[in-house]
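**Q** Mind looking at a prediction? Sequence and model below.
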Number of protein chains: 2
Amino acid sequence: MGVVIDNDRCSIARALALLGERWSLQIVRDVSNGVRRFEELRDHLGVARNVLSNRLSSLVAAGLLERVPYRESGSRQRFEYALTPSGRELWPVLTALMAWGDRHLVDGPPPVEPEHVGCGGKVSLVPVCEHGHVVEPSRELGLRLGSAPPWSGLSS
Amino acid sequence: MGVVIDNDRCSIARALALLGERWSLQIVRDVSNGVRRFEELRDHLGVARNVLSNRLSSLVAAGLLERVPYRESGSRQRFEYALTPSGRELWPVLTALMAWGDRHLVDGPPPVEPEHVGCGGKVSLVPVCEHGHVVEPSRELGLRLGSAPPWSGLSS
DNA sequence: TGGCTGAGTTTCGATCGGCAACCCTGCGGT
DNA sequence: ACCGCAGGGTTGCCGATCGAAACTCAGCCA
């Protein structure tokens, strides 16, 4: 009936322990989008300062963000936040979440869509196997346990 | 410096208002994987009963899960939970999260990997535009605002 | 009648998020 | 030298949420 493994060694569970609350992913999205400073984040997200402060610390501690010093002329040195490579690799999660939200939570046309710079086409995430086959999710997407038998469903 | 839209009309923000805490996505993952009953979920996730109860209600209310009656011989009729089409469409989010967790949070080989049933190859999510071009995320992935100018970064 | 089981609900202490007030550090102006 | 200011937090308080455990409820069986 599916692959069920210990929940605490599940990658999804681990990822959610860090990212699974209301602000972390929105912070990552904003930072990746050029909203990098504390006050900008606070204004844009409407999150409380202490919470933002906590989240930023955890994200830095987890290696998703890093503090980079900057100085604007006439001001002292301050820090802003930038994505690390590991943080940048969250883009599929954000893209998938955005696509899902657009389809199921938003009435009317999506407020913003990913596009292929240069050709302008809409971008979607397609599951492809290492041999180049496009996988039809509902029928052909399975799970392998460690290096064990295939199965249908989705877990980890 | 990126596309920045009102946070409250952002699909990611809306999706996270529903899914953005520790349990919702894990419940969806487990249900999609055949763990469908209250006690099974509680055992597998280690979540408190009242919280599980709340989450299940919200997910049902949001149309991600539905209660389906069943009866085991010698027991009264009970309900289990099944994914609706909208819940099933969260698979890219879960897949992306799993892939990210595997790369950045787990030491050693991934506990479980998505595979192409029938050829056995590992599956990954590839961004492809509607004209069939494979998009290189760091350089060619942009955002279009409503139906407006392209841009780099990732938001919504 | 009484016990058992799955599926919750209630209760209560601990933790978390929101808000507002406060602090700390340099800079520029006087 | 002193003052004010602004970004970037920290602290305190309070109400909401979480976790654990006890309690409830409904039907099946003996």
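**A** Received, thanks.

**Q** mind checking how far the closest residue to A:Gly20 other than its chain neighbours is from DNA strand C?
**A** Once flanking residues are discounted, A:Gly20 sits nearest to B:Arg22: 4.4 Å by CB to CB, 6 or more residues apart in numbering or on different chains. From N, CA and C alone the C-beta is placed, and that goes for glycine too. Using CB to the nearest atom of the strand, to the nearest Å, one gets 10 Å for the distance from B:Arg22 to DNA strand C.

**Q** Could you do A:His44 as well?
**A** According to CB to the nearest atom of the strand, A:His44 and DNA strand C sit 13 Å apart.

**Q** ok, and that residue, which helix or strand is that part of?
**A** A:His44 belongs to helix A:38-45 when elements are defined using DSSP states H and E.

**Q** So which bits of that helix are buried?
**A** Within helix A:38-45, the residues scored as buried using 16 or more other CB atoms under 10 Å in any protein chain shown are A:40-42, A:44-45.

**Q** picking up where we left off before, what is the neighbour count of the residue nearest to A:Gly20?
**A** 17 (other CB atoms under 10 Å in any protein chain shown).

**Q** Kindly report the same for the one 10 residues further on.
**A** Other residues near B:Ser32 come to 21 when the count uses other CB under 10 Å.

**Q** Residue ranges in chain A under the pLDDT threshold?
**A** Within chain A, the ranges that satisfy pLDDT under 70 run A:1-2, A:147-156.

**Q** how far away is the spatially most distant residue from the centre of it from B:Val126?
**A** Here chain A reaches farthest from its C-alpha mean at A:Gly74, the gap being 35.4 Å by CA atoms, centre = their mean. From A:Gly74 across to B:Val126, the span is 47 Å (CB to CB, to the nearest Å).

**Q** Ok, A:Thr84 next?
**A** Using CB to CB, A:Thr84 is found at 23 Å from B:Val126.

**Q** Who are the packing partners of the helix or strand that contains A:Ser86?
**A** When elements are assigned from DSSP H and E, A:Ser86 belongs to helix A:85-88. Counting contacts by 3 or more CB pairs under 8 Å, 6 or more residues apart in numbering or on different chains; DSSP states H and E, helix A:85-88 packs against helix A:24-32.

**Q** near chain B, anything from the helix it packs on?
**A** Yes - for a cut-off given as CB under 8 Å from any CB of the partner chain, helix A:24-32 has contacts with chain B, namely A:25-26, A:29-30, A:32.

**Q** Get me the contact residues on chain A for DNA strand C.
**A** Chain A comes close to DNA strand C at residues A:21-23, A:46-51, A:54, A:73-77, as judged by CB under 7 Å from any atom of the strand.

**Q** Buried ones among the residues you listed?
**A** Buried by 16+ other CB under 10 Å: A:21-23, A:47, out of those.

**Q** Name the nearest of the residues you listed relative to A:Leu141.
**A** Within these, the smallest distance to A:Leu141 is 27.7 Å, found for A:Glu21 (CB to CB).

**Q** Against chain B, how distant is that closest one?
**A** Separation of A:Glu21 from chain B (CB to the nearest CB, to the nearest Å) stands at 5 Å.

**Q** Correct me if wrong: A:Arg9 contacts B:Pro111.
**A** Yes - look at A:Arg9 against B:Pro111 with CB atoms under 8 Å: they come within range, at 5.3 Å.

**Q** The two: which has the busier surroundings?
**A** B:Pro111 (19 against 13).

**Q** how about A:Gly101, what does it touch?
**A** By CB atoms under 8 Å, 6 or more residues apart in numbering or on different chains, the residues touching A:Gly101 are B:10-12, B:14-15, B:156.

**Q** And for A:Pro127?
**A** A:134-135, A:137, A:141, B:92, B:95, B:114, B:123-126.

**Q** if we go to 6 Å?
**A** Neighbour list for A:Pro127: A:135, A:137, B:123, B:125 [criterion: CB atoms under 6 Å, 6 or more residues apart in numbering or on different chains].

**Q** do A:Arg36 as well
**A** Residues near A:Arg36 by CB under 6 Å, 6+ apart: A:80-81.

**Q** Helices of chain A, start to end?
**A** A:11-19, A:24-32, A:38-45, A:49-61, A:85-88, A:91-104, A:137-140 (DSSP state H).

**Q** most tightly surrounded among the ones you listed?
**A** Comparing these by mean neighbour count (mean count of other CB atoms under 10 Å in any protein chain shown), helix A:24-32 ranks first with a mean of 24.

**Q** How far away from the center of its chain is that helix?
**A** Here the centre of helix A:24-32 is set off from its chain's centre by 8 Å, with CA atoms, centre = their mean, to the nearest Å.
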